Structure formats: C-alpha cells, structure tokens
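[1] here are the coordinates; sequence isn't available:
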C-alpha cells in the first residue's frame, strides 16, 4: 500500500505545482476551422481541384482503417466528422 500512497502523493504534488504556476493546462492549439466549416467551404471543389488554404482542425480520431498503401481516418469534433485520407 505504501507504493500507492507515494504515487498519489507524487501526483498531488505535481498537480499543485502546475496549479500554483498557472500551467494546469500547459498545451494549447489554435484551430482555424471546425468540421462543419470545412464541409461548407470545400464541398464545392471537384475531385481534380485543390485549394491552397491550410485548415487546422482539432478533434478525436475515432476510426483508423489501414488498407496497405492508403489509410482512412475519421476525425470527430463538436460539429461533426471529417474523413481523412493519407
């Protein structure tokens, strides 16, 4: 039991350090699109057309399908879903 108590004490000590130094959430990401905005802006492109715009999105990868030379991923955010092909 002593190991668990030491582990908990260490976590509490680290949390207090971050909280006192105002870095409770130390990482940030500036996105410029959500999935709904991407669908609205880029759905008018044909399969042969490209855009020079860079979209930064954030979400969770909930599905990854590896088919050998091609990978499909589903990125979900608050507004919906985007399929990514790599």
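    Great, that's in hand. Not measured: the values here are computed from a predicted model. Numbers count the residues shown, from 1 in each chain.

[2] buried sites along the longest helix along the chain?
    If you go by DSSP state H, the chain has its longest helix at helix 2-20. For helix 2-20, burial by neighbour count (16 or more other C-beta atoms under 10 Å) applies to no residue. Backbone N, C-alpha and C define where each C-beta goes, glycine included.

[3] Can you name every helix or strand that the one helix or strand residue 75 maps to contacts?
    Taking DSSP states H and E as the criterion, residue 75 maps to strand 71-76. Packed against strand 71-76 by the contact rule (3 or more C-beta pairs under 8 Å, 6 or more residues apart in numbering; DSSP states H and E) you find strand 60-66, strand 81-85.

[4] and the longest one, average pLDDT?
    It refers to strand 60-66. For strand 60-66, the mean pLDDT works out to 95.

[5] Could you check the angle it makes with strand 81-85?
    Using axes from the mean of the first three to the mean of the last three C-alpha atoms, to 10 degrees, the inter-axis angle of strand 60-66 relative to strand 81-85 is 40 degrees.
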